[in-house]
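>>> Just a sequence and a predicted model for now, questions to come.
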Amino acid sequence: MFFKKKEKETVVTVDDRLKHIAFIMDGNGRWAQKKGLPREYGHAAGAKTFKKIALYCGDIGIKYVTIYAFSTENWKRPEREVKAIMKLLSDYLDEALRDLDKNNVRYIFIGDKGIFDDRLREKMLNLEKVSGSKSLTLNFAVNYGARDEIVKACRELIREGNENITADDVSRHLYTALSPDPDIIVRTGGEQRLSNFLLWQASYAEFYFTETLWPDLSTDDIDNIVLAFYGRDRRYGRIKEVPEDKK
């Protein structure tokens, strides 16, 4: 990790130790309610923050970003709120297609797309297809649940006739098969749980929890998250090595 000058400001830049960051974008509804607004206004504000944060992560060198946009459980929310989220998703898909060459992002929609209407599903599939050669990857989790994802992977392996299934086999059948496991998972909004997000992939991820509601998250916050990540001691089950002169 190092710093570089950009437009007269010092910004954080990452190295290969931080390839993948994942976000649980929590707090949109509470942000709106605190301002006396309907919850859907919070989702609109959160969508703007998402665009800003995802692009900034690419700017500082993070090659893979995963965002938890809509879970399998979120269908239980009020119909008006769900419709507003689906409209934001549809509008974002149109915008992402228009800005494809400018943003250089490969879009992968992780989750069961079968539940969406034909038009929305075709937009997702088309964006995945036309963005396949781009160098930055955005995993967009919609109608996603980690338990369902693991069950799906196991069923596929069974159908293929696999008997001696390995962890690598399961990983290859997850929605995120084209991305490395996340190095750090960030949850905004004050809660400290995964909420059925990337349960398999999170086995050695670092975690960062913040009280900041998602619409208020800034690029300065991302810099602080990156600095916190580089301050962690990632041992992957190994013990910390002690210098000979301190043994």
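All right, it came through fine.
>>> Residue 21 sits in which helix or strand?
Using DSSP states H and E, the element containing residue 21 is strand 20-24.
>>> Run through who's touching the following helix or strand past that strand.
Remark: after strand 20-24, the chain's next helix or strand is helix 28-34, criterion DSSP H and E. The contact list for helix 28-34 (C-beta atoms under 8 Å, 6 or more residues apart in numbering) reads 38-43, 45-46, 81, 189, 213-216. For every residue, glycine as well, the C-beta is placed using N, CA and C.
>>> mind listing what's buried in helix 28-34?
The neighbour-count check on helix 28-34 (16 or more other C-beta atoms under 10 Å) flags 28, 29, 30, 31, 32 as buried.
>>> go on, stretch 55-65?
Here stretch 55-65 shows 55, 56, 57, 58, 60, 61, 62, 63, 64, 65 as buried, counting by 16+ other C-beta under 10 Å.
>>> go on, stretch 139-152?
Across stretch 139-152, burial judged by 16+ other C-beta under 10 Å covers 139, 140, 141, 142, 143, 144, 145, 146, 148, 149.
>>> For the fifth one, which non-adjacent residue is spatially closest?
Spelled out, that is residue 143. Nearest in space to residue 143, with sequence neighbours left out and distances taken as C-beta to C-beta, 6 or more residues apart in numbering, is residue 111 at 4.3 Å.
>>> For residue 84, see how far away that neighbour is.
19 Å (C-beta to C-beta, to the nearest Å).
>>> In terms of neighbours, single out the busier of the two.
Neighbour count, other C-beta atoms under 10 Å: between residue 111 and residue 84, residue 111 has more, with 23 against 19.
>>> Distance check, residue 36 against residue 42.
Look at residue 36 and residue 42: by C-beta to C-beta, they are 11 Å apart.
>>> higher neighbour count, those two?
Applying other C-beta under 10 Å to residue 36 and residue 42 shows that residue 42 carries more neighbours, namely 24 against 7.
>>> Contact partners for the more buried one?
The neighbourhood of residue 42, defined by C-beta under 8 Å, 6+ apart, consists of 27, 28, 29, 30, 31, 32, 33, 215.
>>> ok, of the residues you listed, which one's closest to residue 184?
Proximity of the contacts of residue 42 to residue 184, judged by C-beta to C-beta, is greatest for residue 27, which lies at 18.4 Å.
>>> Break down this protein into its helices, ranges please.
Secondary structure of the chain, counting by DSSP state H: helices at 28-34, 39-59, 79-98, 100-103, 118-130, 146-159, 167-172, 219-230.
>>> For the first one, give the mean pLDDT please.
Here the mean pLDDT over helix 28-34 is 96, rounded to a whole number.
>>> would a markdown table of the contacts of helix 28-34 with distance to residue 233 and pLDDT be doable?
What follows is the contacts of helix 28-34, written out as a markdown table (distance: C-beta to C-beta, whole Å; pLDDT from 0 to 100):
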| residue | distance to residue 233 | pLDDT |
| --- | --- | --- |
| 38 | 44 | 94 |
| 39 | 40 | 94 |
| 40 | 42 | 94 |
| 41 | 41 | 95 |
| 42 | 36 | 95 |
| 43 | 37 | 96 |
| 45 | 36 | 97 |
| 46 | 33 | 96 |
| 81 | 41 | 94 |
| 189 | 27 | 97 |
| 213 | 30 | 98 |
| 214 | 28 | 98 |
| 215 | 33 | 98 |
| 216 | 30 | 98 |
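>>> among the residues you listed, which ones are buried?
Burial by neighbour count, 16+ other C-beta under 10 Å: within the contacts of helix 28-34 this picks out 39-43, 45-46, 81, 189, 213-216.
>>> Which two among the residues you listed are spaced furthest apart?
By the measure C-beta to C-beta, 81 and 216 form the most distant pair in the buried ones among the contacts of helix 28-34, at 19.6 Å.
>>> Brilliant, that's me finished.
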